[in-house]
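Participant: coordinates for the following, if possible.
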Amino acid sequence: MNNGEPNYQKAGLGSGVVMTEDGYIITNNHVVEDAGMLKVTIEGQEYDAEVIGTDPSSDVAVIKAIDASGLTPIELGDSDDLTIGEWVMTLGSPYGYEQSVATGIVSATSRSQIMNSATDYYGGSGERTIYPNMIQTDAAINPGNSGGALVNSDGALIGINTMITSNSGSYSGVGFAIPVNYAVSLAQQI
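Facilitator: Now for the predicted structure:
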């Protein structure tokens, strides 16, 4: 009973990467954490979605677009093959602007950080998240890009956009992505 008070719902926004024709998607745990209901839009079609599993300690999650079929999975690249200075693109929905692309370079590889959720811009469960061997890029990663693709110049997935270093909470030229080889391995275990 709501006693005449409005019923508010909190909505969040993030991105994900289609991994299979039947709708398995990899994203960040912080994108789906505490979600009561998920909806995904793929190629203009909206689907209800469910969380298949998460690994909060690495910030990886797998969700499934319910009743999806015939989707085009992204081509996988090799994150062990990256070169500093290589051109890359971030794909996602920064601030809700769907299908946005930003370009930059691989600034560094093998960057590691441990974040307490209390200091993470995204909130969280109180657990520590370990980000090992992250790809650092200057391609824009903003709120809404989390869980989206970092691709190489051939369009192959090389990372999952995850976090930024910023005093403002918005893009400052230092973003990080989970290497695809690590993320896909975790997703398969989930």
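
Participant: which stretches of the protein have low pLDDT?
Facilitator: Counting by pLDDT under 70, the chain has low-confidence residues at 1-11, 113-130, 166-172.

Participant: C-terminal to the longest strand seen in it, what's the next element?
Facilitator: Counting residues, the longest strand in the chain under DSSP state E turns out to be strand 100-116. Next helix or strand after strand 100-116 toward the C-terminus (DSSP states H and E): strand 128-137.

Participant: buried stuff in that next one?
Facilitator: Across strand 128-137, burial judged by 16 or more other Cβ atoms under 10 Å covers 129, 131, 134, 135, 136, 137. Backbone N, C-alpha and C define where each C-beta goes, glycine included.

Participant: just stretch 59-78 next, same as before
Facilitator: 59, 60, 61, 62, 63, 64, 65, 68, 71, 74, 77.

Participant: for the residue most central in space within the chain, which residues are in contact?
Facilitator: Most central in the chain under Cα atoms, centre = their mean is residue 147, positioned 0.8 Å from the mean C-alpha point. Residue 147 makes contact with 14-17, 26-28, 31, 61, 92, 160-162 under the criterion Cβ atoms under 8 Å, 6 or more residues apart in numbering.

Participant: now the longest helix belonging to the chain, how far from the centre of its chain.
Facilitator: Counting by DSSP state H, the longest helix found in the chain is helix 180-189. Taking Cα atoms, centre = their mean, to the nearest Å, one finds helix 180-189 lying 13 Å from the centre of the chain it belongs to.

Participant: who touches that helix?
Facilitator: 19, 24, 26, 55, 58, 60, 62, 76-80, 132-133, 157-160.

Participant: can you lay out the buried residues of stretch 59-78 as JSON lines showing distance to residue 96 and secondary structure?
Facilitator: Shown next, in JSON lines, are those (distance: Cβ to Cβ, whole Å; DSSP: H, G, I helix; E, B strand; the rest coil):
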{"residue": "59", "distance to residue 96": "21", "secondary structure": "coil"}
{"residue": "60", "distance to residue 96": "23", "secondary structure": "strand"}
{"residue": "61", "distance to residue 96": "20", "secondary structure": "strand"}
{"residue": "62", "distance to residue 96": "23", "secondary structure": "strand"}
{"residue": "63", "distance to residue 96": "19", "secondary structure": "strand"}
{"residue": "64", "distance to residue 96": "23", "secondary structure": "strand"}
{"residue": "65", "distance to residue 96": "19", "secondary structure": "strand"}
{"residue": "68", "distance to residue 96": "22", "secondary structure": "coil"}
{"residue": "71", "distance to residue 96": "22", "secondary structure": "coil"}
{"residue": "74", "distance to residue 96": "21", "secondary structure": "coil"}
{"residue": "77", "distance to residue 96": "27", "secondary structure": "coil"}
